[in-house]
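J.: All I have is the shape, not the residue letters:
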């Protein structure tokens, strides 16, 4: 991202296209490298589906349909079929687990940061032993709840599911079994099944691989390759240190993960002892971030939009753009924020989905790195507050879990915080919140594209100038094309594969390969941002606290509008969806 | 780090600013330690915060995930919501069923 606005940022109808851009420009290298990763992912996963995948899909589909027809509530067998289907994942295959080891980030810790990188067998055994009683108790509770649910369901079945009282009892018993199962499979199981690990060799391997991966393009795009490689390890080490800090249990619970520590850690170094000279050539923020964004594009799967039917589309795809545009206008006309790029980055960050939207929007409009830092920092702070305040308020006023879940999903920024806040409302509330957030996440493809076009045609131009279509093309950030192309290609593959698409693409190529790689690219970018950010410049951007005022006002509008539309959609227009979700 | 005019002054100023840089770095790291081990644990124990934090800790959900593909729960949620809604739609298409009809194909094993 540019240090300051340059005259070249303004469209003056003098651009021209040269084919050599395809190998000389960073944007195109981001596309080639991003697609290389995606292609490797497809080649690794598609030939190796889980054994009996198609048969399991057919059996579970039949069971779900039959059970739905058999009883007026979701039976034990329905849940078992649903769980079996959810457990079918290409990334659970042995080769994918090996990949996960190589791409994994440092582990969680509470008091000793070294345990993030290395856990001895003795320490793992101590952790397992400490968690064992609670885990055994949780397992026994699940077993008891299952037996009770089975008995209650058999009674209801004996009455041919015609006795409402028996049906209610069976439904309640099944819900209690699900709750007990959730507890058993939560953090207590993670602690009770922890294994020894040594992440250092894998991290060293990843350092070499990622350095070579990015070094390939450097000699074509004007970066000194040897100097880049000489400084890359420093950026990578800062990224590892940021993951370690962000894996601390308390910080993690509050939502302060690796990305924010990469920025803060980098800023701390650059504004105190200074960044060593040999590192400078490796501070290629845009190179890392654009490659990561092309990978993110593959995660924008359009079939997800329909995950919760029409109400979900209205709550996210209607409210979110309205809030984004109104917040941006408020920032320009009322707050008179000097920088339009800061305004749109904060507006998108607040209205769409936090950090990922901020990254995509900032890159699409060429925002300054300090502006992205402000947007990400504010998002994390406000998310921590909302993650606590919103579910507490929802429970306090006794709001319906579907409405509460939709409200949380549409307004809390990050997915993890949405899940955490939704869990406070129970399983249904959490499922609705997570699904709404997922649909909203898919919006960032459209938002990034729209912002890029708007900036080329309306913002980066002289007053009164009419920009030609070709000029828009010359100035368009080309990596956005890769981002959109990845989204279209992966959405098409997912749709063409039917039920197997979730198993092989979502739960294989993406979550098993490209997502962890993209995570590394983003944290490298954020480390670079931190290492090249100046506190004074940030303070200048934050002048008068306008970004915070913008965030608070925009979020207030978002809260009011999301709640209103969610209520109208889930209770007036599509009450059947709400009834089904509460089954 | 700014340089002073005289070489000797520059040496002293350089050493001084280097030292103050390291002190500021140590203070920054100390602030992070304070946040992780004093401020946030204290905040997590406050009245309205504690219940949410307890649920969060028990569920194993990770509040640091910023995109849906990083979260296990979004996949589970999508599966549950989709199967629930499609079951309801197929119910509606089929109309009333004879009560007590047994499932022809129940999977024998539980996933995950």
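T.: Alright, I've got the coordinates. The structure presented is a predicted model; accordingly, all values stated were derived computationally and were not measured. Residues are numbered from 1 along each chain as shown, chains lettered A, B, ... in the order given.

J.: The helix or strand that contains residue A:403 - what's its average pLDDT?
T.: Element membership for residue A:403, per DSSP states H and E: helix A:401-411. What helix A:401-411 shows for mean pLDDT is 96.

J.: is it anywhere near chain B?
T.: No - Helix A:401-411 does not reach chain B (CB under 8 Å from any CB of the partner chain); its nearest approach is 9.3 Å. C-beta coordinates here come from the backbone N, C-alpha and C atoms, glycine included.

J.: And the next helix or strand past that helix?
T.: helix A:415-423.

J.: hmm, who's touching that next one?
T.: A:255, A:257, A:353, A:383-384, A:386-388, A:390-391, A:405, A:408-409, A:412, A:429-434, A:436-438, A:441, B:52, B:55-56, B:59, B:61-68, B:70-71, B:73-74 (CB atoms under 8 Å, 6 or more residues apart in numbering or on different chains).

J.: That one to helix A:401-411, inter-axis angle?
T.: Per axes from the mean of the first three to the mean of the last three CA atoms, to 10 degrees, the angle that helix A:415-423 makes with helix A:401-411 is 160 degrees.

J.: Could I get the average pLDDT for helix A:415-423?
T.: 93.

J.: thinking again about what came up before, got a ChimeraX select line for the buried ones in the contacts of helix A:415-423?
T.: Of those, the buried ones can be selected in ChimeraX as follows, counting by 16 or more other CB atoms under 10 Å in any protein chain shown:
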select /A:255,257,353,383,384,386,387,388,390,391,405,408,409,412,429,430,431,432,433,434,436,437,438,441 /B:52,55,56,59,61,62,63,64,65,66,67,68,70,71,73,74
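
J.: The contacts of helix A:415-423 in strands, which ones?
T.: Using DSSP state E, no member of the contacts of helix A:415-423 sits in strands.

J.: What residues sit buried inside the helix holding residue A:403?
T.: Buried, per 16+ other CB under 10 Å, within helix A:401-411: A:401-411.

J.: name the helices or strands packed onto the host helix or strand of residue A:139?
T.: Per DSSP H and E, residue A:139 falls inside helix A:121-158. Judged by 3 or more CB pairs under 8 Å, 6 or more residues apart in numbering or on different chains; DSSP states H and E, helix A:121-158 is in contact with helix A:76-86, helix A:164-184, helix A:187-192.

J.: Identify the residues contacting stretch A:260-279?
T.: Under CB under 8 Å, 6+ apart, the answer for stretch A:260-279 is A:227, A:230-231, A:234-235, A:238-239, A:241-243, A:245-246, A:251, A:283, A:373, A:376-377, A:380, A:523, A:526-535, B:1, B:18, B:21-22, B:24-25, B:28-29, B:32.

J.: buried subset of those?
T.: Neighbour counting over the contacts of stretch A:260-279 (16+ other CB under 10 Å) leaves A:227, A:231, A:234-235, A:238-239, A:241-243, A:245-246, A:251, A:283, A:373, A:376-377, A:380, A:523, A:526-533, B:21, B:25, B:28, B:32 as the buried ones.

J.: can you give me the strands in chain A?
T.: So, for chain A - with DSSP E - the strands run A:118-119, A:197-198.

J.: what residues does the last one touch?
T.: Pointing back at strand A:197-198 there. Residues outside strand A:197-198 that contact it (CB under 8 Å, 6+ apart) are A:107, A:117-119, A:124.

J.: and of these, the nearest to chain B?
T.: residue A:107 (12.2 Å; CB to the nearest CB).

J.: Just give me the neighbour total for the closest residue to the closest one other than its chain neighbours.
T.: Residue nearest to residue A:107 in three dimensions, not counting chain neighbours: residue A:116, with 5.4 Å by CB to CB, 6 or more residues apart in numbering or on different chains. The number of residues packed near residue A:116 is 22, by other CB atoms under 10 Å in any protein chain shown.

J.: same thing with residue A:49?
T.: 16.

J.: Please determine how far the closest residue to residue B:56 other than its chain neighbours is located from residue A:190.
T.: Spatial nearest neighbour of residue B:56, excluding adjacent residues (CB to CB, 6+ apart): residue A:420 at 4.6 Å. To residue A:190, residue A:420 is 15 Å away according to CB to CB, to the nearest Å.

J.: Over to residue A:562?
T.: 32 Å.

J.: quick one: which of the two has more around it?
T.: Legend: neighbour count by other CB under 10 Å for residue A:562 and residue A:190, higher for residue A:562 (25 against 14).

J.: The more buried one is in contact with residue A:405, isn't it?
T.: No - the pair residue A:562 / residue A:405 is not scored as a contact, 11.5 Å apart, by CB atoms under 8 Å.

J.: and the nearest residue to residue A:187 once chain neighbours are set aside, what does it touch?
T.: Excluding the flanking residues, the one nearest residue A:187 by CB to CB, 6+ apart is residue B:60, at 3.9 Å. Residue B:60 is in contact with A:185-187, A:189-190, counting by CB under 8 Å, 6+ apart.

J.: where in chain B is pLDDT low?
T.: B:1-14, B:89-112 (pLDDT under 70).

J.: domain parsing for it?
T.: B:1-60, B:63-92 (automatic domain parsing).

J.: so does the top helix by length along chain B get close to chain A?
T.: The residue-count maximum for a helix in chain B (DSSP state H) belongs to helix B:7-34. Yes - applying CB under 8 Å from any CB, one finds that helix B:7-34 is in contact with chain A at B:18, B:21-22, B:24-25, B:28-29, B:32.

J.: That helix packs against which elements?
T.: Counting by 3+ CB pairs under 8 Å, 6+ apart, helix B:7-34 packs on helix A:258-270.

J.: Compute the inter-axis angle for the helix it packs on and helix B:7-34.
T.: Angle, helix A:258-270 to helix B:7-34, by the same axes, to 10 degrees: 160 degrees.

J.: next one: helix A:258-270 to chain centre, how far?
T.: Relative to the mean C-alpha coordinate of its chain, helix A:258-270 is positioned 20 Å out (CA atoms, centre = their mean, to the nearest Å).

J.: Can you point out the buried residues in it?
T.: Those would be A:258-270, for helix A:258-270 by 16+ other CB under 10 Å.

J.: Format these as a markdown table; extra columns: pLDDT.
T.: Converted to a markdown table, those look like this (pLDDT from 0 to 100):
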| residue | pLDDT |
| --- | --- |
| A:258 | 95 |
| A:259 | 94 |
| A:260 | 94 |
| A:261 | 96 |
| A:262 | 96 |
| A:263 | 95 |
| A:264 | 95 |
| A:265 | 96 |
| A:266 | 96 |
| A:267 | 94 |
| A:268 | 95 |
| A:269 | 96 |
| A:270 | 94 |
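
J.: Nearest to chain B among those residues?
T.: The closest of these, once distances to chain B are taken by CB to the nearest CB, is residue A:268, at 4.3 Å.

J.: could you measure the closest one against residue B:87, distance?
T.: 53 Å.
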